[in-house]
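Okay, here's the prediction I keep looking at, along with the sequence it came from:
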Amino acid sequence: MKIYRVGGSVRDELMGLPAGDRDWVVVGASPEDMVAAGYTPVGRDFPVFLHPQTHEEYALARTERKTAPGYRGFVFHADRTVTLEEDLQRRDLTINAIAQAGDGRLTDPCNGRADIAARVLRHVSAAFVEDPVRILRLARFAARFHDFTVAPETMVLMRHMVAGGEAGALVAERVWQELSRGLMEARPSRMFEVLRECGALGVVLPEVDRLFGVPQPAQYHPEIDAGIHLLQCLDWAAARSASLPVRWALLVHDLGKGTTPREDWPRHIAHEARGAKLARELAERLRVPADIADIGRLVAQEHTNVHRAAELRADTMVKLLERLDVMRKPERLADILSACEADARSRPGRDEAGYPQAGIVRAAAEAIRAIDAGAIAKKLVESGKASGPAIAQAVHAARVRAVAAR
């Protein structure tokens with residue numbers, strides 16, 4: 001039995017980056033050998049075991065064979081005869097196909113170290129085309145290592161996969177898993193640029209792909225193109241370590257502009273309502289967690305109203321905050337305002353202007369949260385006027401007065 005550290009932790013160490021979770025591959029062992037050594041089996045599709053002390057994952061060296069479309073269509077083979085080189089050859093990118101022995105010696109049959117030095121993302125073998133998730137993974141790595149380029153021959157393979165329908169076989173859970181991780185990388189725009197270049201964006205996220213080439217009024221959007229604006233928003237937010245809900249909200253905040261009739265360009269009247277519907281449908285399709293999906297839908301629906309905060313009358317401001325449900329869910333207001341700020345300040349020449357609208361909305365939210373709705377309801381009960389509409393109207397009126405007086 002020989003044990004090697006493989007994959008991302010080896011790659012990151014060679015790049016001088018903090019090594020994350022460690023992955024291990026075991027050569028020359030059977031499942032029975034692993035159990036006898038105290039490892040706990042956990043693999044469903046192929047033999048993976050947890051170390052008895054560290055609980056890190058150890059996988060038997062394996063090969064794989066494509067048997068059906070999609071990322072699940074594989075048969076795996078693992079036994080004592082599978083070599084380390086054979087295991088590394090089945091991996092996705094050369095920079096991820098490097099192994100390190102316990103004495104520090106490296107095994108690099110795919111020249112991953114050379115591609116790290118050249119800053120290139122390159123597929124290991126033609127078997128790359130067999131797993132559509134690899135398109136998403138490569139795009140995610142492009143967002144993480146944003147100074148890397150995609151090897152031309154690898155881009156050709158990805159285009160071939162998209163043309164052959166492999167991208168359409170991706171299941172929602174895997175799309176969201178890779179998309180959410182890519183959104184949290186240092187330069188999320190690179191993920192969408194790569195997906196668009198190979199054609200996968202139009203298959204996986206057609207609502208986003210439609211934004212590219214759609215013009216916006218130059219006085220508000222010097223960058224003109226709605227797709228370019230989206231990428232600028234994401235990178236601006238990433239540079240400020242924004243949360244995943246904020247980045248998801250930015251991804252979906254302008255989807256409605258992709259459905260504006262051409263004859264109406266560059267104006268996008270009522271794109272907010274259309275965008276909110278598309279944001280909800282996309283979140284449902286990808287099975288986005290409900291709390292994240294809600295913030296995306298609300299930002300799509302309300303971001304232009306937040307931008308106009310200084311112009312809103314007290315009654316209009318209260319209705320906005322009631323739609324945002326800041327009374328029951330005050331914690332999400334920060335993410336909503338952060339997304340709106342990124343939308344405004346990421347535009348060329350607008351960053352230095354700041355975003356006073358966030359302070360205005362926060363102050364109004366604090367004012368209405370100070371209203372004791374229970375006390376108002378109790379007073380109406382005592383006066384015999386305690387109908388549901390009467391209570392709601394009285395609470396709303398009290399909030400309006402509080403906001404007007406702030």
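Everything's here; your move.

how about the helices in the stretch 251-400 of the chain?
For the stretch 251-400 of the chain, applying DSSP state H, counting those that start in this stretch gives helices covering 271-286, 290-307, 314-323, 333-345, 356-369, 373-383, 388-405.

Show me how far the fifth one is from its chain's centre.
The gap between the average C-alpha position of helix 356-369 and the chain average comes to 28 Å, counting by C-alpha atoms, centre = their mean, to the nearest Å.

The third one too?
If you compare the mean C-alpha spot of helix 314-323 with that of the full chain, they lie 30 Å apart, counting by C-alpha atoms, centre = their mean.

average model confidence for that helix?
Helix 314-323 comes out with an average pLDDT of 97.

Tell me which other helices or strands it touches.
helix 290-307, helix 356-369, helix 388-405 (3 or more C-beta pairs under 8 Å, 6 or more residues apart in numbering; DSSP states H and E). Glycine gets a C-beta too; all of them are placed from N, C-alpha and C.

a markdown table for those, including mean pLDDT?
Output for those, formatted as a markdown table (pLDDT from 0 to 100):
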| stretch | mean pLDDT |
| --- | --- |
| helix 290-307 | 98 |
| helix 356-369 | 96 |
| helix 388-405 | 90 |
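
Out of those, which one sits most buried?
Mean neighbour count, computed with mean count of other C-beta atoms under 10 Å, is highest for helix 290-307 among the helices and strands packed on helix 314-323, reaching a mean of 21.

Hey, what's the angle from it to helix 333-345? Just curious.
Angle, helix 290-307 to helix 333-345, by axes from the mean of the first three to the mean of the last three C-alpha atoms, to 10 degrees: 50 degrees.

can I get the CA coordinates of helix 290-307 in PDB?
What follows is helix 290-307, C-alpha atoms only, in PDB (Å, rounded to 0.1, in the frame of the first residue of the first chain):
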ATOM      1  CA  ALA A 290     -34.600  29.900  -0.400                       C
ATOM      2  CA  ASP A 291     -32.900  32.700   1.700                       C
ATOM      3  CA  ILE A 292     -30.500  33.400  -1.100                       C
ATOM      4  CA  ALA A 293     -33.200  33.200  -3.800                       C
ATOM      5  CA  ASP A 294     -35.400  35.700  -1.900                       C
ATOM      6  CA  ILE A 295     -32.700  38.300  -1.800                       C
ATOM      7  CA  GLY A 296     -32.000  37.900  -5.500                       C
ATOM      8  CA  ARG A 297     -35.700  38.300  -6.300                       C
ATOM      9  CA  LEU A 298     -36.100  41.400  -4.100                       C
ATOM     10  CA  VAL A 299     -33.000  43.100  -5.500                       C
ATOM     11  CA  ALA A 300     -34.200  42.400  -9.000                       C
ATOM     12  CA  GLN A 301     -37.600  43.900  -8.100                       C
ATOM     13  CA  GLU A 302     -36.600  46.800  -6.000                       C
ATOM     14  CA  HIS A 303     -33.000  48.000  -6.900                       C
ATOM     15  CA  THR A 304     -34.100  51.000  -8.800                       C
ATOM     16  CA  ASN A 305     -36.400  52.100  -6.000                       C
ATOM     17  CA  VAL A 306     -33.500  51.800  -3.600                       C
ATOM     18  CA  HIS A 307     -31.400  53.900  -5.900                       C
END
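
Let me know the angle separating it from helix 271-286.
Helix 290-307 and helix 271-286 are oriented at 170 degrees to each other (the same axes, to 10 degrees).

Need the residues that contact stretch 21-37.
Contacts with stretch 21-37, where a contact means C-beta atoms under 8 Å, 6 or more residues apart in numbering, come from 1-9, 41, 47, 49, 51, 56-61, 79-80, 82-84, 87, 99.

give me that answer again for 6 Å
1-7, 9, 47, 49, 56, 58-61, 80, 84, 87 (C-beta atoms under 6 Å, 6 or more residues apart in numbering).

what sits against Leu320?
Asn305.

Now do it against Gln357, distance only.
Computed as C-beta to C-beta, to the nearest Å, the Leu320 to Gln357 distance reads 11 Å.

in stretch 205-213, what counts as buried?
Buried positions in stretch 205-213, judged by neighbour count with 16 or more other C-beta atoms under 10 Å: Leu205, Glu207, Val208, Asp209, Arg210, Leu211, Phe212.

quick one: which of the contacts of stretch 21-37 sit in strands?
Counting by DSSP state E, the part of the contacts of stretch 21-37 found in strands is Lys2, Ile3, Tyr4, Arg5, Val6, Phe49, Tyr58, Ala59, Leu60.

So which of those residues wins on neighbours?
With neighbours defined as other C-beta atoms under 10 Å, the most crowded of these is Leu60; it has 26 neighbours.

Wait, that one touches Phe49, no?
No: contact criterion C-beta atoms under 6 Å: Leu60 and Phe49 do not qualify, at 8.0 Å.

so who does the spatially most central residue of the chain touch?
In the chain, the centroid-proximal residue (C-alpha atoms, centre = their mean) is Ser180; its distance is 2.5 Å. Neighbour list for Ser180: empty [criterion: C-beta under 6 Å, 6+ apart].

how close does it get to Gly256?
Distance, Ser180 to Gly256, using C-beta to C-beta: 22 Å.

do Leu121 as well
Separation of Leu121 from Gly256 (C-beta to C-beta): 33 Å.

Same check on Pro389?
Pro389 is 32 Å from Gly256, by C-beta to C-beta.

Same check on Arg247?
From Arg247 over to Gly256 the distance is 19 Å, taken as C-beta to C-beta.

again, but for Leu201
18 Å.

and if you look at Ala375?
Taking C-beta to C-beta, one finds Ala375 at 41 Å from Gly256.
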